[in-house]
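>>> coordinates only, sequence not included:
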């Protein structure tokens, strides 16, 4: 699934730590994009999701590619980590 997350994650936050999404991510480089039949090498690949984490509750699954978070195009793992730690409820 290629996706846009933000509001789904905010809805799933409940009483969990706000800056912990519970995903293990990998950069989408040309090789990964080619293997996943993506048009561009952008976004981040979800390698795994921790059970009962914010990401799990939001419906994020292993194999997803996150393209956008809170309206911002995602270009790197560090960018998503920065955005998710800053934007607690501002999506």
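Done, it's in. Since the model is a prediction, treat every value here as computed from it, not as a measurement.
>>> so where do the helices sit in the protein?
Secondary structure of the chain (DSSP state H): helices located at 7-12, 30-35, 54-57, 77-86.
>>> Buried deepest among those, which one?
Highest mean neighbour count of the helices of the chain: helix 54-57, a mean of 22 (counted as mean count of other C-beta atoms under 10 Å). For every residue, glycine as well, the C-beta is placed using N, CA and C.
>>> pLDDT averaged over that one - what is it?
Mean pLDDT, computed over helix 54-57, is 87.
>>> which residues of the protein fall in strands?
Using DSSP state E, the strands found in the chain span residues 2-5, 23-27, 44-49, 65-69, 72-73.
>>> Any idea which of the ones you listed gets closest to residue 58?
Nearest to residue 58, of all the strands of the chain, is strand 2-5, at 6.4 Å by C-beta to C-beta.
>>> same question for the closest one, mean pLDDT?
For strand 2-5, the mean per-residue pLDDT is 46.
>>> And stretch 31-47, by the same measure?
Mean pLDDT, stretch 31-47: 88.
>>> now that stretch, how far from the chain's geometric center?
Relative to the mean C-alpha coordinate of its chain, stretch 31-47 is positioned 13 Å out (C-alpha atoms, centre = their mean, to the nearest Å).
>>> What pLDDT does the model give residue 60?
91.
>>> Can you report how many residues neighbour it?
Residues lying near residue 60 (other C-beta atoms under 10 Å) number 23.
>>> Got the phi and psi for it?
phi -80, psi 140 (degrees, to the nearest 10).
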